[in-house]
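Enquirer: Coordinates for the following, if possible.
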Amino acid sequence: HEAVRLQGEEELARPVVALLLSGLAAGLAITISLLAELYLRMRLPDERWAELVYLLGYPVGYVIVIMGRLQLFTESTVTAVLPVAARTSMAGLARLARLWSVVLTANLIGVLVVVALMAGEVIITHEQRLVAIDILQKLPAQEGIKTLTLGIPAGFLMASIAWLLPNAKGSEFWVISLLTYVIALGGFSHVVTGFS
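Expert: Sure thing, here's the model as predicted:
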């Protein structure tokens, strides 16, 4: 608890420019999850078992973001709440709102930049773009409440990562990979990666 709270204090104290740049980098980096999944899908047959393999690409961006200590909205949600909850004040709530708004905005801008580059076939080939479009067309359309409901398990798993990492001691990669793989397997909604 104390390790996570101290991390939250550090995040709340970061200057806006640092949060913005770190959040933007996280938004850019998290899209590696989607690209890794795309690259794996392209090389696997269209069989039911292949999903277990290509979803292994999903944790890649999370490993980069979390181990690189970049500001991802869902990662900073839990850690930043602890210090504010421990000493509730208007100033603390304002710092929390500042953190969340800057980080979420920066994350989404980073994702949008990569999506635009993908759409323009700058960072992927035409063939890869066609596969990505085919993948997206096969995804079930979800209403807002269903997406929100599927976000609850994803939020719990992301919070679990924040709680487990201080005690992971050399196993951080496996903790992040396993829990984010479960997000992908479950088809749960993640606010930043789902935005793309």
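
Enquirer: Could you list the low-confidence segments of the chain?
Expert: 1-3, 76, 136-143, 191-196 (pLDDT under 70).

Enquirer: Quick one: list the elements packing against the longest helix along it.
Expert: Looking across the chain with DSSP state H, the single longest helix is helix 90-119. Under the contact definition 3 or more Cβ pairs under 8 Å, 6 or more residues apart in numbering; DSSP states H and E, helix 90-119 sits against helix 2-13, helix 16-43, helix 73-86, helix 126-138. (C-beta placed from N, C-alpha, C; glycine too.)

Enquirer: closest one to E51 among those helices?
Expert: For E51, the closest of those is helix 16-43, at 8.8 Å, according to Cβ to Cβ.

Enquirer: what sits up against the helix or strand just after that closest one?
Expert: Once the chain leaves helix 16-43, the next helix or strand it forms, by DSSP states H and E, is helix 50-54. With Cβ atoms under 8 Å, 6 or more residues apart in numbering as the test, helix 50-54 has contacts from 37, 40-41, 44, 185.

Enquirer: If we only consider the residues you listed, which is nearest to A25?
Expert: Taking these together and measuring to A25 by Cβ to Cβ, the closest member is E37, at 20.2 Å.

Enquirer: Could you measure from that closest one over to R87?
Expert: Using Cβ to Cβ, to the nearest Å, E37 is found at 41 Å from R87.

Enquirer: more neighbours, the two?
Expert: E37 (23 against 8; other Cβ atoms under 10 Å).

Enquirer: Look at the residue lying closest to the more buried one once chain neighbours are set aside and say how many residues are nearby.
Expert: Counting by Cβ to Cβ, 6 or more residues apart in numbering, E37 lies nearest to G57, which is 3.7 Å off, once chain neighbours are set aside. Counted with other Cβ under 10 Å, residues neighbouring G57 total 20.
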